[in-house]
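Engineer: missing the sequence, but the structure's below:
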């Protein structure tokens, strides 16, 4: 229901909540969190070799737009120094590929391709998960890690439905509930109020 409110709100020009979320996302991308934040860990490799700031496709919710905004201090994309598709069949370590059905950064087709190339790789599909499972589905991520460590990862696909239903941490759930409530509220308010909020947050 909250997703429907967000969608119809955007179509109706109610962008207050969307603007607040955009500013919040920019803060998360730009914050300094040594050894924890993804760009801090692999930023140079990501932009130079993995094409983090790919050309935006013009579709809604394209992550490339946000990555472009924070890529000013990174080198231009130069392609990988080696061919991962050629290297993956030579991987000899236990590998579990987690695929989120709502992942906008690494779509399920990419995960399936990777799992098909790595010998013995296990593909775990989480239909309602997004990109960062370790952040948004921490319990599921820890269960997958434990199974890999214990040598029981082959049984993970059979547990995918249960893993997918594993709730996120309290902070993540509170954030989701807050966004859902704000979406319902914005939908119920007179149109002038969300537009005012959007103008204020954009300034």
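Structural biologist: On my side now, so go ahead. Being a predicted model, the structure only gives us computed values, none of them experimental. Numbering: from 1, shown residues only.

Engineer: When you work out contacts or count neighbours from here on, use the C-alpha atoms and nothing else.
Structural biologist: Will do.

Engineer: and the residue lying closest to residue 147 once chain neighbours are set aside, how far is that from residue 81?
Structural biologist: Of all residues not flanking residue 147 in the chain, residue 153 sits nearest, at 4.9 Å (C-alpha to C-alpha, 6 or more residues apart in numbering). Counting by C-alpha to C-alpha, to the nearest Å, the gap from residue 153 to residue 81 is 31 Å.

Engineer: Am I right that residue 133 is in contact with residue 141?
Structural biologist: Yes. Proximity of residue 133 to residue 141 meets the contact threshold set by C-alpha atoms under 8 Å, at 6.2 Å.

Engineer: Could you tell me which ranges of this protein sit under the pLDDT cut-off?
Structural biologist: Scanning the chain for pLDDT under 70 picks out 1-15, 21-40, 70-76, 190-203.

Engineer: got the contact list for the residue nearest to the spatial centre of the chain?
Structural biologist: Closest to where the C-alpha atoms of the chain average out (C-alpha atoms, centre = their mean) is residue 131, at 3.0 Å. By C-alpha atoms under 8 Å, 6 or more residues apart in numbering, the residues touching residue 131 are 99, 100, 102, 103, 104, 105, 106.

Engineer: so how many other residues sit close to the second one?
Structural biologist: With neighbours defined by other C-alpha atoms under 10 Å, the count for residue 100 comes to 23.

Engineer: What separation do you get for it and residue 141?
Structural biologist: 12 Å.

Engineer: Can you pull the residues that touch both of these two?
Structural biologist: With C-alpha under 8 Å, 6+ apart, residue 100 and residue 141 have common neighbours residue 133.

Engineer: So which residues of the chain form helices?
Structural biologist: Assigned by DSSP state H, the helices in the chain fall at 2-11, 16-30, 38-49, 63-69, 84-87, 108-117, 133-136, 138-150, 160-164, 170-188, 192-202.

Engineer: follow-up on the earlier one: quick check: the residue nearest to residue 147 vs residue 120, distance?
Structural biologist: For residue 153 relative to residue 120 (C-alpha to C-alpha), the value is 10 Å.

Engineer: the more surrounded of these two?
Structural biologist: Each of residue 153 and residue 120 has its neighbours counted (other C-alpha under 10 Å); residue 153 has more, 21 against 16.

Engineer: ok, back up a step: make a ChimeraX selection of the buried ones in the contacts of residue 131.
Structural biologist: Buried members of these can be picked out in ChimeraX with the line below, counting by 16 or more other C-alpha atoms under 10 Å:
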select :99,100,103
